[in-house]
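J.: Pasting the sequence and the predicted coordinates here, then a few questions.
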Amino acid sequence: MAAEQQAALAEVRDGAAPGGKPDGAVVRDALGVGIAVGLSGFAFGVTSAGSGLTLLQTCALSLLVFTGASQFALVGALAAGGSPFTAAAGAFFLGVRNAFYGLRLSQLLALPRAVRPFAAQWVIDETAAVSLAQPTRRSARIGFLVTGLSLYVLWNLTTLLGALGAEAIGDTDAWGLDAAGPAVFLALLAPMLRTGTERLVAGLAVLLGLGLLPVLPAGLPVLVAALAAPAVLWAQGRRGGAPRGDVKERSDAPARGGIPEEDR
């Protein structure tokens, strides 16, 4: 018992709650994600300017929208000749996932009401991934704050630099910069696909999105790909529920973003 008390005291001195990890480790991990993803804002700035958007419009998208996949989807659809309405609709439905992140993070972080409207701007793939990976509420809050702040500042700064330097870079298609945003999104999404159902939904969405690119106008394949989730759930409902493999994986897997009782 004395050894356990000494270990707990050591964790507190190191800046970690019992059962958690040192605050320094959380900050380091969060900064790694924030800096790595924030640098891809340069690619968005270049791509957006190359698509015909002005410097002000490009920077406004990063400041106000601040969800990379939706931003790339919007400017990509516009560059491909899609209508502004179709491009905006595709970006909107792609960004709806952040609302579901918010439902989980609101319980996990339990932020004061006065802070929630400001924190909502930072509810994106990266902050959700870092926060849900933490073992305690304290570390989840630190991860959310550091990831959101570093990513927001760096993303907007590199967006500005990318838009200013678009003319010097030239043809963005030759550099493949328009693929940077989707690549980052897929890299964050892949580790979260733990069950057969989730992998099936992702695979079907990819097939629908890529398969319909030559057929539908720009922006519409993203909307159709969103039908993958209800289609898979409907098919499983017809079969009488989730496959046994999914149930076993969920029962054996540790809780995502679980919070110990003492932190609730």
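T.: The structure has been received and is ready for your questions.
J.: where does the stretch 1-150 of the chain dip in pLDDT?
T.: The model of the stretch 1-150 of the chain has pLDDT under 70 over residues 1-20.
J.: what about 90?
T.: 1-22, 36-40, 42-44, 46-52, 68-70, 72-97, 125, 129, 133 (pLDDT under 90).
J.: can you pull out the helices in it?
T.: Using DSSP state H, counting those that start in this stretch, the helices of the stretch 1-150 of the chain run over 2-13, 23-38, 41-50, 55-60, 68-79, 84-95, 97-109, 116-119, 125-132, 137-164.
J.: For the ones you listed, give me CSV that also has mean neighbour count and distance to residue 202.
T.: Bear in mind the C-beta positions are built from the backbone N, C-alpha and C, glycine included. CSV is the format used below for the helices of the stretch 1-150 of the chain (neighbours: other CB atoms under 10 Å; distance: least, CB to CB, whole Å):
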stretch, mean neighbour count, distance to residue 202
helix 2-13, 10, 37
helix 23-38, 18, 20
helix 41-50, 26, 23
helix 55-60, 16, 30
helix 68-79, 24, 14
helix 84-95, 18, 14
helix 97-109, 16, 12
helix 116-119, 13, 28
helix 125-132, 24, 14
helix 137-164, 21, 23
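J.: nearest to residue 232, of those?
T.: With CB to CB as the criterion, residue 232 lies closest to helix 97-109 of the helices of the stretch 1-150 of the chain, at 15.9 Å.
J.: which other residues reach that closest one?
T.: For helix 97-109, contacts defined as CB atoms under 8 Å, 6 or more residues apart in numbering pick out 67, 116, 119-120, 123-125, 127-128, 131-132, 137, 140-141, 144, 257, 259.
J.: Likewise for stretch 120-133?
T.: 29-30, 33-34, 37, 66-69, 97-98, 101-102, 104-105, 108-109, 140-141, 143-144, 147-149, 151-152, 185, 188-189, 192, 256-257.
J.: Could you do stretch 78-93 as well?
T.: For stretch 78-93, using CB under 8 Å, 6+ apart, the contacting residues are 47, 50-53, 65, 70-71, 73-75, 77, 178, 217-220, 222-223, 226.
J.: go again using 6 Å as the cut-off
T.: Identification of contacts with stretch 78-93 by CB atoms under 6 Å, 6 or more residues apart in numbering yields 51, 70, 73, 74, 77, 217, 218, 219, 222, 223, 226.
J.: got it, and stretch 217-233?
T.: For stretch 217-233, the surrounding residues in contact (CB under 6 Å, 6+ apart) are 73, 77, 80-82, 86-87, 90, 93-94, 200-201, 204-205, 208-209, 212-213.
J.: Same question for stretch 147-163.
T.: Contact with stretch 147-163 is made by 30-31, 33-34, 37-39, 41-42, 44-46, 49, 55, 58-59, 62-63, 122, 126-127, 130, as judged by CB under 6 Å, 6+ apart.
J.: State the distance spanning the first to the last residue of stretch 72-88.
T.: With CA to CA, to the nearest Å as the measure, the ends of stretch 72-88 fall 11 Å from one another.
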